[in-house]
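# below are the sequence and a predicted model; questions follow.
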Amino acid sequence: MDRSREISSVTRYLWAARRWLAPQGSKRERWARSVYMPLLAPGQHSWRRRLKSLRKVVPEIVYLQDLAVQDFKPTPIRRIVVLKLDHIGDLILGMRALRTLRDGFPAAHITLVVASWNEALARNLPWLDRIVCFDFFTPLNRDWSATSAVLKTLYDGIEKLPLGPCDLAIDLRHDADTRPCLYRLDADYRAGFYAPREAGLPYLDLILPISEGIGVGDRRSSSLHADLRLQMLASAVVAAFAPPLPHPALALVAPQTRVTTRRFAVLAIGAGDPIRCWPIERYAELGRALIAQHRLDIVALGGPADQANVMQLAELLPREGVRTVVGAPLPEVSQLIAGSALCVCNGSGMSHLAAALGVPTVCILGGTTRMEVWRATGPNVISIGGRTPCQPCGLREAKECPWNVACLTAIQTVHVLGACERLLASLDLPAKSLMDASATPAAAD
């Protein structure tokens with residue numbers, strides 16, 4: 001048995017022991033994660049300094065938004081440069097991806113940079129506006145020698161190509177050897193598969209993970225075909241940078257609801273786990289501010305398990321202009337949210353629903369899961385979270401957290417209100433409140 005198999009066997013044994021001691025989803029596992037995850041979190045501190053710093057967690061308030069959020073809109077993608085610098089078979093395998101880019105950006109000018117041996121083939125593709133030749137590799141792969149001197153000459157050559165500025169540059173190659181070429185282009189945004197970062201340069205704006213060898217137990221298998229992974233990159237570029245298509249969730253609501261703007265805000269105070277719920281007192285502070293400063297009526301929304309909290313929130317708000325909705329069927333909830341001017345919610349299904357319906361949405365996130373992965377997304381969404389070294393912890397109850405859920409409680413009313421005001425500023429709301437019995441489902445009093 002070689003050394004790698006010995007390590008693999010030991011790893012499987014340790015993993016099995018860990019699962020026996022702390023079964024997945026158990027309180028023991030969540031407690032263990034809250035202890036060891038901070039120690040494994042990446043950072044620049046030494047172990048001793050990290051342990052000392054964790055005696056008191058001080059979250060960093062972060063705002064997570066899509067590129068299309070107001071004031072963060074990307075440059076309209078009018079000019080695209082695609083690098084496809086490899087060999088004949090590679091170009092053929094990349095043709096579906098090139099077609100995906102053309103379909104996603106029908107009005108953009110697309111320049112393809114290819115090797116001279118692929119020029120004639122590329123000029124016959126109807127989706128490209130310009131072909132530029134550059135021989136990064138040798139015609140035969142067996143003759144290729146990637147010495148430091150050779151690479152420097154090639155990178156200098158890429159920089160001198162007559163490409164001009166572009167809005168988006170894409171390296172349509174899975175291997176990392178051509179990724180530094182992207183930084184030699186005058187581009188607003190750059191996209192490609194993961195590659196080691198060059199010193200002094202930022203990461204790409206859109207990075208897909210390496211997908212040639214995906215671990216499966218103690219084996220490694222090429223589970224994504226070369227053609228498929230290039231299509232995956234092209235589709236991700238289109239999804240991230242092209243104008244968004246209407247979300248399919250709009251089919252849940254009547255067309256007239258989507259065009260009616262009502263002067264009320266939905267405060268959806270529930271979540272699947274109690275640890276993800278922002279304090280009711282702060283929801284009340286926010287509601288009072290929205291009523292006083294923006295003349296918005298308030299709908300306190302929750303599921304059957306949230307009834308006590310919904311009623312507590314209603315008691316802390318002025319009586320006039322406040323309604324409660326508890327346990328309404330999801331189709332009615334969709335109609336309600338779609339007709340609102342604003343939805344403020346925890347990291348829950350309601351945040352994803354409101355975002356999908358295009359409603360201005362502020363999502364308040366804790367650190368039980370990875371905020372960047374599970375946040376609500378859309379052109380009118382702002383997510384706010386408290387970043388700490390211990391996340392994601394996977395905890396479910398606030399009492400299980402040794403730092404009193406600092407990731408969530410560090411988010412103050414002023415943070416959420418500021419995000420609400422930023423989203424409301426883009427709306428042309430009617431002067432008079434339109435909230436009435438027809439605007440919301442039957443109230444639960």
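Alright, I've got the coordinates.

# what distance do you get for the nearest residue to residue 209 once chain neighbours are set aside to residue 165?
In space, and not counting its chain neighbours, residue 209 is closest to residue 194: 5.6 Å by C-beta to C-beta, 6 or more residues apart in numbering. Yep, even glycine has a C-beta here, placed from its N, CA and C like the rest. Distance, residue 194 to residue 165, by C-beta to C-beta, to the nearest Å: 25 Å.

# of the two, give the one with the bigger neighbour count.
More crowded of residue 194 and residue 165, by other C-beta atoms under 10 Å: residue 194, with 15 against 10.

# low-confidence stretches in the stretch 151-300 of the chain?
Residue ranges of the stretch 151-300 of the chain with pLDDT under 70: 213-223, 256-262.

# helices along that one, start to end?
Along the stretch 151-300 of the chain, counting by DSSP state H, counting those that start in this stretch, helices occupy 226-241, 255-258, 280-294.

# how about TSV for these, with distance to residue 304 and mean neighbour count added?
Below are the helices of the stretch 151-300 of the chain laid out as TSV (distance: least, C-beta to C-beta, whole Å; neighbours: other C-beta atoms under 10 Å):
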stretch	distance to residue 304	mean neighbour count
helix 226-241	36	19
helix 255-258	24	13
helix 280-294	17	19
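
# now tabulate these in TSV and tack on distance to residue 120.
Formatted as TSV, these follow (distance: least, C-beta to C-beta, whole Å):
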stretch	distance to residue 120
helix 226-241	21
helix 255-258	50
helix 280-294	62
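
# give the closest residue to residue 85 in space, chain neighbours not counted.
Nearest to residue 85 is residue 136, by C-beta to C-beta, 6+ apart, at 4.1 Å.

# that neighbour: which element?
Here residue 136, judged by DSSP states H and E, is contained in no helix and no strand.

# ok, then the element right after the helix or strand hosting residue 80?
In this structure, residue 80 sits in strand 79-84 according to DSSP H and E. Counting by DSSP H and E, the next helix or strand C-terminal to strand 79-84 is helix 88-93.

# so for the helix or strand that that next one is followed by, what gets flagged as buried?
Per DSSP H and E, the first helix or strand lying C-terminal to helix 88-93 is helix 95-104. Burial within helix 95-104, assessed by neighbour count using 16 or more other C-beta atoms under 10 Å, is assigned to 95, 97, 98, 100, 101, 102, 104.

# any chance of those in a markdown table, plus pLDDT?
Putting these into a markdown table (pLDDT from 0 to 100) gives the following:
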| residue | pLDDT |
| --- | --- |
| 95 | 97 |
| 97 | 97 |
| 98 | 97 |
| 100 | 97 |
| 101 | 97 |
| 102 | 97 |
| 104 | 95 |
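
# between these, which is nearest residue 148?
residue 97 (30.5 Å; C-beta to C-beta).

# the residue nearest to residue 85 and residue 115 touch, don't they?
Yes - using C-beta atoms under 8 Å, residue 136 is in contact with residue 115, at 6.9 Å.

# for residue 107, which non-adjacent residue is closest in space?
Nearest to residue 107 is residue 78, by C-beta to C-beta, 6+ apart, at 7.4 Å.

# coming back round to it: got the contact list for the residue nearest to residue 85?
For residue 136, the contact set (C-beta atoms under 8 Å, 6 or more residues apart in numbering) comprises 85, 86, 115, 154, 158, 178, 181.

# where's it relative to residue 356, distance?
Applying C-beta to C-beta, the value for residue 136 to residue 356 is 42 Å.

# the closest residue to residue 144 other than its chain neighbours sits in which helix or strand?
Of all residues not flanking residue 144 in the chain, residue 138 sits nearest, at 4.9 Å (C-beta to C-beta, 6+ apart). Under the criterion of DSSP H and E, residue 138 resides outside all helices and strands.
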